[in-house]
Each structure stands twice: as structure tokens, then as C-alpha cells.
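**Q** Structure of the sequence below:
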Amino acid sequence: MAHRNAPLSFEGRRRLVDRCSDRPVAHVAAEMGISRACASKWFNRWRRYGDVGLLDRSSTPRRQPTPTPPEAVEQIETWRRECKWSASRITFELNDDGVQISRRTVTRIIGRLGLNRRRFIDPDGDTNRRPRPIVAKRPGHMVHVDVKKVGRIPDGDGWRVHGRDSEQARATARSKTKTGKRGYVYLHSAVDGHTRLACTEPLPDEKAATATGFMHRARAWFTAHGITHIEQVVTDNGPCYRADAFTRSLIGARHKRTKVERYNRILAEEFLYARTWTSEQQRADALCMWNAHHNYHRSHGAAGGQPPAAMLDQRVTNVVASYR
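**A** Numbering: from 1, shown residues only. As a prediction, this is how the structure comes out:
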């Protein structure tokens, strides 16, 4: 198949041949906007092979001095299908067996076999490795801590109210340029993995000292709700969570690093962008009500359709009833 910018299709080559029968090749080439060499090539092919010579030919070289051995190709396909090994792993194994081959060649062979994607190997996912679920067995067994960065709302509303091209939006952009401030609020959240109780605070940054202070306040907040002992704290690999001060704030709890995004998505969909805020203070004040709504009123799938506080025992439920 000719490339999309080719000046001649099969029909165009037939017309070229018809014109070259009684006219100079150079004149016909100039008339059709192609080079003389290109016109001569197709005319000579037609004279030698007829209409078959006007068809596209494969660009594969006639000779390949160092082709990949068929045994190696078969082994690559076997390892890819049965073991689901990557190209790097297959290259290492082949070179270890004495077959000198590059990773790029292995990648090209896997693509030619149609096995370059895991879904091509096993469309139903029956043989894929099942991820081990992270399950919190009891309150305080696993507390997830994360930070979500959101844009600060300027006084008098932002672009969501006035539009991106409005004068208010341009004035906000100019003020950011002059002051050099990024204009973000950092929402630090801690969620109990068993009950889904969550507390969120709007803080000015995500530095280690800020995250450490939030962790101390979150521990006191969970204690007030009956969760007096935290066994594991799950965070991502953010720099504020790698600081020694944050590690000391865990007070013996095991620190496990992973990515926690589910609560942040709920926070964004049902609170941050669920309505239009007129100022940053208004949103910060509403965050306290959101914490109460999420913990004591909003139904949660992990709690059987009940609020997260319903998973606490009756004694603790009576204590937190005063917060409603």
C-alpha cells in the first residue's frame, strides 16, 4: 500500500505509462509533479512486467544476513505466552543460553506475533496474577493518609463562576504572576481502612512539619472516636512521608507505602467540585460539615450501605452522636 503522501496511485501509474508511450519521460514527469527517476522507474517496470509491475512491492530486504533463528522466535513466543515475561526478561534468558539478541529485536518479534499487550495474551484475564486485596480487619488496623492539592479560590469567585476568559480570571492570573504564589490549598486526609471514618484539614503546604502536625491531630481525632491504637499507616511515596519527623509521629505504627486515591476521588466529586465556592474561607468552613456528613450520614459500600460510624461498636456510636 502506498503511503498517504504518495503522488501516484495504481491508476496514476497507468496514466503515466500511457503518456510516456509517445512523449518524453522527462516532460511527463514535470507535468505530473514527480521526478524523472520516479517516472522512469515505473515506466521501465511496466515495459518489463506489464501491469503487474505497477503494483506496490514489499520493502523487506531481499537478503537478511543475520536473521533471528526460528528456534529463538519459537522460544520467545513460548515464554511470552506461558510465562508472560517482558522483553527484557526474555532477552536476558536468551543471552544466558548463548543466543546473542538485543531487547529491541525481541520487542519487534513480540509485536509481530501480536503479543505486545497483556490483553492480547489473555483477553479474559483468567491467567493474570490476582492482586492481593488490602483488607483492614479492625478499627485502627490500617489508616490511609494522603494529600490532595486543589487550587485556591480567589475572593469574589474564580473562573468557574465568571469563565476562563473573564476579566476576573485574567486579574487572578496576573496576581499570581506578580506575587509568584502558586495559589494552592493542600487537603490532608486520614481514613480508617475498616470503618472508613475520615478527617480532612485544609493546610497551606505539604511539608514534613505540616504532615507531622496533621498526623498528631488525626491520631487525637481517631482517639476521640474510640480508635485508640493505630497499627499501620498507609501513605504514598511523597517526600513529606519519608521524613524522620513523620516516622516518629507514628509512635510505633508500621509505615506502609502505597497509593491511596479512592477517598480523594469521593472528596473531589462530592465536595470540591460539587458546587461553586465564592471564597477559600467558605470552602474551608464547609469542609467541617463535609467531615460530619461523610462519617455520620453518607452511606458507604464497605459498611453495608450504612455510614462509616455505624461500623463502630454501640459504645463509641453513643460518644460520636454528639457530633451529629
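
**Q** what are the ranges of the strands in the stretch 51-200 of the chain?
**A** 143-151, 184-192, 198-203 (DSSP state E, counting those that start in this stretch).

**Q** Dump those to JSON lines, plus distance to Q100, mean neighbour count and mean pLDDT.
**A** Quick note: C-beta positions are derived from backbone N, CA and C, even for glycine. As requested, those are exported to JSON lines (distance: least, Cβ to Cβ, whole Å; neighbours: other Cβ atoms under 10 Å; pLDDT from 0 to 100):
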{"stretch": "strand 143-151", "distance to Q100": "47", "mean neighbour count": "20", "mean pLDDT": "89"}
{"stretch": "strand 184-192", "distance to Q100": "52", "mean neighbour count": "22", "mean pLDDT": "91"}
{"stretch": "strand 198-203", "distance to Q100": "56", "mean neighbour count": "20", "mean pLDDT": "92"}
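
**Q** Which one, of the ones you listed, ends up nearest to P61?
**A** P61 sits nearest to strand 143-151 of all the strands of the stretch 51-200 of the chain, at 53.4 Å, using Cβ to Cβ.

**Q** buried residues in the helix or strand hosting Q282?
**A** Taking DSSP states H and E as the criterion, Q282 maps to helix 280-296. Neighbour-count burial for helix 280-296, counted by 16 or more other Cβ atoms under 10 Å, picks out 280, 283, 287, 290-291, 294-296.

**Q** helices or strands up against that helix?
**A** In terms of contacts (3 or more Cβ pairs under 8 Å, 6 or more residues apart in numbering; DSSP states H and E), helix 280-296 is packed against strand 184-192, strand 198-203.

**Q** Enumerate every residue touching H194.
**A** Residues in contact with H194 (Cβ atoms under 8 Å, 6 or more residues apart in numbering) are 136-142, 311.

**Q** So among these, which ones count as buried?
**A** Among the contacts of H194, those classed as buried by neighbour count (16+ other Cβ under 10 Å) are 136, 139-142, 311.

**Q** re the thing from before, return the closest of the buried residues of helix 280-296 with respect to Y263.
**A** Distance to Y263 across the buried residues of helix 280-296 (Cβ to Cβ) is lowest for H294, with 8.7 Å.

**Q** got any ranges where the stretch 101-250 of the chain has weak pLDDT?
**A** Within the stretch 101-250 of the chain, the stretches with pLDDT under 70 are 122-134, 154-166, 168-182.

**Q** isn't R217 right up against E201?
**A** Yes: the criterion here is Cβ atoms under 8 Å, and R217 meets it with E201 at 7.1 Å.

**Q** What is the neighbour count of the nearest residue to T235 once chain neighbours are set aside?
**A** Using Cβ to Cβ, 6 or more residues apart in numbering and skipping residues adjacent in sequence, the residue nearest T235 is Y241, 4.2 Å away. Y241 is flanked by 23 other residues according to other Cβ atoms under 10 Å.
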